[in-house]
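> please find the sequence and the predicted model below.
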Amino acid sequence: MIVCNFTIKVQDRLADQWLDWALREHIPAILSTGLFEGYRIHRLLDQDESEGPTFVLQLHASSLDEYQHYRERFAPALQQDALNKWGAGFIAFRTVMELISPPG
């Protein structure tokens, strides 16, 4: 399994609206590509939140090919949508991981 991990720091004044948008619009749009099996979203704890909270969105793909297809075909438009909506109200970076051992 491939885990695409997005870490997003959101300005405090936008955090509630951003999270609502992510859950109602952005994540469903990503999942509608059919290239991810599911997701988890977390809020980082024990972090400096003076500039706002940090969220982690993890998307699960069955193969690296599916992730690459998403990145090439769908990611640019979805990233642009986020920039158009939130501008400089957030910063994000992505890491991609391969699951070696299931939980347990």
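Ah, there it is. Residues are numbered from 1 along each chain as shown.

> does anything pack onto the longest helix along the chain? Which helices or strands?
Counting by DSSP state H, the longest helix found in the chain is helix 75-86. Applying 3 or more CB pairs under 8 Å, 6 or more residues apart in numbering; DSSP states H and E, one finds that helix 75-86 makes contact with helix 27-31. Any C-beta I mention is one placed from the backbone N, CA and C, and that applies to glycine too.

> residues contacting the helix it packs on, please?
36, 38-39, 41, 57, 59, 70, 74, 78, 81 (CB atoms under 8 Å, 6 or more residues apart in numbering).

> and of those residues, the nearest to residue 87?
residue 81 (11.9 Å; CB to CB).

> count the neighbours of the closest one for me.
Around residue 81 there are 14 other residues, counting by other CB atoms under 10 Å.

> can you classify residue 56 as helix, strand or coil?
strand (DSSP: H, G, I helix; E, B strand; the rest coil).

> quick one, what contacts it?
Here residue 56 is in contact with 5-8, 41-44 (criterion: CB under 8 Å, 6+ apart).

> and the helix or strand hosting residue 68, what's buried?
In this structure, residue 68 sits in helix 64-73 according to DSSP states H and E. By neighbour count on 16 or more other CB atoms under 10 Å, the buried set for helix 64-73 is 66-67, 69-70.

> just to revisit the earlier point, show me the two of the contacts of helix 27-31 that sit farthest apart.
Most distant of the contacts of helix 27-31, by CB to CB, are 38 and 81, 21.1 Å apart.

> so what touches the longest helix of the chain?
Looking at what lies outside helix 75-86 - CB under 8 Å, 6+ apart - the contacts are 10, 14, 18, 21, 26, 29-30, 90, 92.
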